[in-house]
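Visitor: Predicted model and sequence below, questions to follow.
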Amino acid sequence: MEQLYVWKHFLFTIGFFVLLYVLSSIAFKSKLKGLQSKKLIRQLTLAGIALIGFVAVILAIPMGDVMKSNITSLLGIVISAVLALSSTTFIGNAFAGIFHKMVGTFKPGDMIQTDQYFGKVTEQGLFHTEIQDISSNLVTIPNLYLVNHPVEVFRPSGTIISAEVSLGYDIHHSTIEVCLLEAAKQIGLEAPFVYVKSLGDFSVLYQVNGLLKNVNTLPSKKSQLHTAVMDSLHAKGIEIVSPTFMNQRQISGQIFIPKSPKTRLSSEESLQESNPENIIFDKAEKAESIEKRKEIKHELDAKINEIEQAIKGEKDNKKVESLKARLKKLKDGREKLVQKIDEVIEKFEEEK
């Protein structure tokens, strides 16, 4: 009889934790649907249930006390060893992830650069951050790495982009500055300015800078700026060639400016219609749209809460009816927005 009770207890323990894990998984899926930032809570909770269930099942196995004590001790040693060996990196990444969340260094959709990594943030987890680089590939970076290296976050309001060119001393700097400023204006940069970076033995290094409002077009705009610089200088008859070129190849009286092809895209077509970032940062753009919709949802939640409080304190029936009508519109809009977020999240998850 006692043996039967022990086996019933063992089977009940297994069934209880399996059922608890399944129900918890279903509950998290329905409640946290569309909330990508809450996935970490789900993962940690399910992992905790699985670990506790595993230990409980071990303890419930019908066996002698000595054997059970030995298995429990061995299990404790194994878990301790695993935690000790992985704690430095594991806990370090976790604290780094918490730090980034608290400080708000960046969020999905932001364009960042750290050391040799450049791209747009697609996911921000507790242990890692995922970015989409200019090759449209996904790069996973440990959060500890981002804490130990400076992270440059490009401001959504705009950033300064630049291009450098070395030219000889035989051309006056004012002439070159005019050409470089024209190139920056041609591609739509605001408030352009020119720096003389250095005076070399054979050439002067110039740098043209300008404010780019739409940071999402950063990679292509840099390319367009280099192209515009070449076109502007060549149009003024200024060679972009090393001053030592004449010493290496004895050529006199020949100007080294490439001839413009007869058939080519107009400057407006080549500089404005080309937008490869739509393909390069496709996943990052979707992550950014999700974050923006969440921000709108939070604003709606705040307005709904404000109106509900106003209704409670309002005694005028007409005003109450007006507030209730406005509240209904806001709740309907919020429901549609949540549905849209869920749809975008589902597509986002399917494309991973």
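Guide: Ah, there it is. Treat the numbers as computed from the prediction; the structure is a model and nothing was measured.
Visitor: Could you list the low-pLDDT ranges of the stretch 51-200 of the chain?
Guide: The stretch 51-200 of the chain contains residues with pLDDT under 70 at 63-65, 82-88.
Visitor: residue boundaries of the strands in the chain?
Guide: In the chain, strands defined by DSSP state E lie at 111-114, 117-124, 128-132, 138-142, 152-153, 159-167, 190-199, 204-212, listed in chain order.
Visitor: Any chance of those strands in TSV with mean neighbour count and distance to residue 329 as columns?
Guide: (C-beta placed from N, C-alpha, C; glycine too.) Shown next, in TSV, are those (neighbours: other C-beta atoms under 10 Å; distance: least, C-beta to C-beta, whole Å):
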stretch	mean neighbour count	distance to residue 329
strand 111-114	19	36
strand 117-124	22	33
strand 128-132	23	37
strand 138-142	15	40
strand 152-153	14	37
strand 159-167	18	39
strand 190-199	14	39
strand 204-212	19	39
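Visitor: Tell me which of these sits nearest to residue 42.
Guide: Smallest distance to residue 42 across the strands of the chain (C-beta to C-beta): 14.6 Å, for strand 117-124.
Visitor: Near residue 107, how many other residues are there?
Guide: 17 (other C-beta atoms under 10 Å).
Visitor: Dihedrals phi and psi, it?
Guide: Taking degrees, to the nearest 10, you get phi -140, psi 170 for the backbone angles of residue 107.
Visitor: what residues are up against it?
Guide: 121, 124, 291 (C-beta atoms under 8 Å, 6 or more residues apart in numbering).
Visitor: hmm, back to that, out of the strands of the chain, flag the one nearest residue 313.
Guide: strand 117-124 (39.6 Å).
Visitor: What is the distance between the closest one and the centre of its chain?
Guide: Centroid separation for strand 117-124 versus its chain: 4 Å, with C-alpha atoms, centre = their mean, to the nearest Å.
Visitor: Also stretch 143-159?
Guide: Stretch 143-159 has its average C-alpha position 10 Å from the chain's average C-alpha position, going by C-alpha atoms, centre = their mean.
Visitor: Repeat that for stretch 90-98.
Guide: 18 Å.
Visitor: Would you mark the buried spots in it?
Guide: Buried residues in stretch 90-98, counted by 16 or more other C-beta atoms under 10 Å: 92, 93, 94, 96, 97.
Visitor: Could you work out the most separated pair of the residues you listed?
Guide: 92 and 97 (9.7 Å).
Visitor: list residues touching both of those two?
Guide: With C-beta under 8 Å, 6+ apart applied, the contact sets of residue 92 and residue 97 do not overlap.
Visitor: Cross-check the contact I'm expecting between residue 152 and residue 115.
Guide: No - the criterion here is C-beta atoms under 8 Å, and residue 152 misses it with residue 115 at 9.9 Å.
Visitor: Next one: residue 55 from residue 17, what distance?
Guide: 10 Å (C-beta to C-beta, to the nearest Å).
Visitor: neighbour count winner among those two?
Guide: With neighbours defined as other C-beta under 10 Å, residue 55 and residue 17 compare such that residue 17 has more, 19 against 15.
Visitor: Go ahead and confirm the more buried one touches residue 57.
Guide: Yes - counting by C-beta under 8 Å, residue 17 does reach residue 57; the two are 7.0 Å apart.
Visitor: circling back to that earlier point, can you tell which of the strands of the chain is closest to residue 50?
Guide: Of all the strands of the chain, strand 128-132 comes closest under C-beta to C-beta, at 21.1 Å.
Visitor: Which strands border the closest one, and is each parallel or antiparallel?
Guide: Next to strand 128-132 in the sheet, as set by DSSP bridges, lie strand 117-124 (antiparallel), strand 138-142 (antiparallel).
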